[in-house]
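1. Structure here, sequence nowhere to be found:
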């Protein structure tokens, strides 16, 4: 999946000449935590976050707060030359950028112009959608040998039971590098028959560990 499929294209932004007070007002009105800073209307030059604002805005409990900070230009507090993505980058690559750099927002730039943004919340929503956890169903975890064609063999069991699979995630087995863990979400609230079918075909079902199932 490409970034352009999930990014927000209607981007709220300010210029370097806007003030801290402008940024506070815009963030509060629109309930956002990140503001791209653009020059000449579209050229990204920085980003301001709610954390940046908290670091300069005086505390409510200050005895003599310095109200002049509200007039500071954003050019004085913004992060210059922020990390960016491209609309044709993969979402998985963007997730790695978020993880490695511990950021909450990624401006998306094409031909030098700001064309969108994605946030960590966007990535979370997309993960929920892709894994199908927002739909009624059950989760099954199966330990399988890490060999070519094993996913096809497992899928045949679901086909035999005429059961729709919502998503499949593959994880390494921490106990044995020669195995993989398949996390399969299926469209049924009663997975007992498919668990029984998997075990009859020699697959190790880790979850749910239902007692009394024929193996």
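-> Received the coordinates, thanks. From a predicted model like this one, the values you see are computed outputs, not experimental measurements.
2. At which residues are the helices of the protein located?
-> Listed in chain order, the helices of the chain (DSSP state H) span 20-30, 50-56, 91-101, 120-131, 150-160, 192-200.
3. And the ones you listed, which one averages the lowest pLDDT?
-> Note on those: helix 120-131 shows the lowest mean pLDDT, a mean of 89.
4. for it, the distance to its chain's centre please.
-> Centre-to-centre, helix 120-131 and its host chain are 5 Å apart (CA atoms, centre = their mean, to the nearest Å).
5. And for it, what's in contact with it?
-> 1, 6-8, 91, 94-95, 98, 103-105, 134, 166-167, 169, 185 (CB atoms under 8 Å, 6 or more residues apart in numbering). The C-beta positions use only the backbone N, C-alpha and C, and glycine is treated the same way.
6. Then stretch 2-15?
-> Outside of stretch 2-15, the residues within contact range by CB under 8 Å, 6+ apart are 22-23, 26, 30, 32, 35-39, 48, 74, 85-91, 94, 108, 114-119, 122-123, 126.
7. what inclination does the least confident helix or strand in the chain by mean pLDDT have with respect to helix 91-101?
-> Across the helices and strands of the chain, mean pLDDT, DSSP states H and E gives its lowest value to helix 120-131, namely a mean of 89. Orientation check (axes from the mean of the first three to the mean of the last three CA atoms, to 10 degrees): helix 120-131 against helix 91-101 gives 140 degrees.
8. Neighbours of the closest residue to residue 108 other than its chain neighbours, how many?
-> In space, and not counting its chain neighbours, residue 108 is closest to residue 116: 4.0 Å by CB to CB, 6 or more residues apart in numbering. By other CB atoms under 10 Å, 20 other residues sit near residue 116.
9. Quick one: residues contacting residue 116.
-> So residue 116 contacts 3-4, 7-9, 11, 87, 107-108 (CB under 8 Å, 6+ apart).
10. distance of it from residue 166?
-> 28 Å (CB to CB, to the nearest Å).
11. Same check on residue 78?
-> 42 Å.
12. who's more crowded, these two?
-> Neighbour tally, residue 78 and residue 166, criterion other CB under 10 Å: the higher count belongs to residue 78, 22 against 19.
13. pretty sure the more buried one is touching residue 53, no?
-> No - checked against CB atoms under 8 Å, the pair residue 78 and residue 53 is beyond contact range at 10.5 Å.
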